[in-house]
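Colleague: model the structure of this input:
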Amino acid sequence: MDAIETDRVVLRNFRKADAADLLAYLHEPVASCFLSLKLADMSAAEAEAEERSRSEEHIAVCLRDSGKLIGDVFALPEEDTFSVGWNFNAGFGGAGFASEAARALFAYLFTVKQARRLYAYVEDHNIASQRLCERLGMRKEGLFKEFVSFKKDDDGDPIFENTMQYAILRKEWEPHQ
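Modeller: The predicted model follows:
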């Protein structure tokens, strides 16, 4: 994909050189849904950055001024629908970078990829992502009780999490842009 620039961030394909910054936020993922992506060391980060560089589904989000990778957004296609999401280095939280990057991703998906619908899954305890979905104009479509497990308790039994689904249609997005 061609790079997308906003006022403060650049969305671009991953590069092998992103490994150290990728390790910074995937060494200990904050959101439990990203625990399966946990990276143990720099070797694993290099392999993950290399793999992501061959895909347009995972998009690097970098600071425009320095080029530093601060997170990523993703868009997984399902015909005219995309499952979307974001994962950012917590050290850059609260500054609006995720909102800026997600808004640029949505505009790209609706205009260039001609998406009809975007949806996101958010754990019921991830308030920051819920608020981001709402700022992006997404509506809550439902709550899946004990939908998925990312962790196990001390006895090895799965801990199931409640998950919300948010979505937005192109016709809902366009009037607000």
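Colleague: quick one, longest helix in the chain?
Modeller: Counting residues, the longest helix found in the chain (DSSP state H) is helix 97-111.
Colleague: so which bits of it are buried?
Modeller: For helix 97-111, a neighbour-count test (16 or more other CB atoms under 10 Å) marks Phe97, Ala98, Glu100, Ala101, Ala102, Arg103, Ala104, Leu105, Phe106, Tyr108, Leu109, Phe110 as buried. C-beta here means a position set from N, CA and C on the backbone, and glycine is covered the same way.
Colleague: likewise for stretch 44-52?
Modeller: For stretch 44-52, burial by neighbour count (16+ other CB under 10 Å) applies to Ala44, Ala45, Glu46, Glu48, Ala49, Arg52.
Colleague: adjacent strands (with direction) for the biggest strand by length in the chain?
Modeller: Identified as the longest strand of the chain according to DSSP state E is strand 139-152. Here strand 139-152 is paired, per DSSP bridges, with strand 158-169 (antiparallel).
Colleague: the partner strand: how far from the chain's middle?
Modeller: 14 Å (CA atoms, centre = their mean, to the nearest Å).
Colleague: in it, what's buried?
Modeller: The neighbour-count check on strand 158-169 (16+ other CB under 10 Å) flags Glu161, Thr163, Met164, Gln165, Tyr166, Ala167, Ile168, Leu169 as buried.
Colleague: and for stretch 117-132?
Modeller: Going by neighbour count (16+ other CB under 10 Å), the buried part of stretch 117-132 is Arg117, Leu118, Tyr119, Ala120, Tyr121, Val122, Glu123, Asn126, Ala128, Ser129, Gln130, Leu132.
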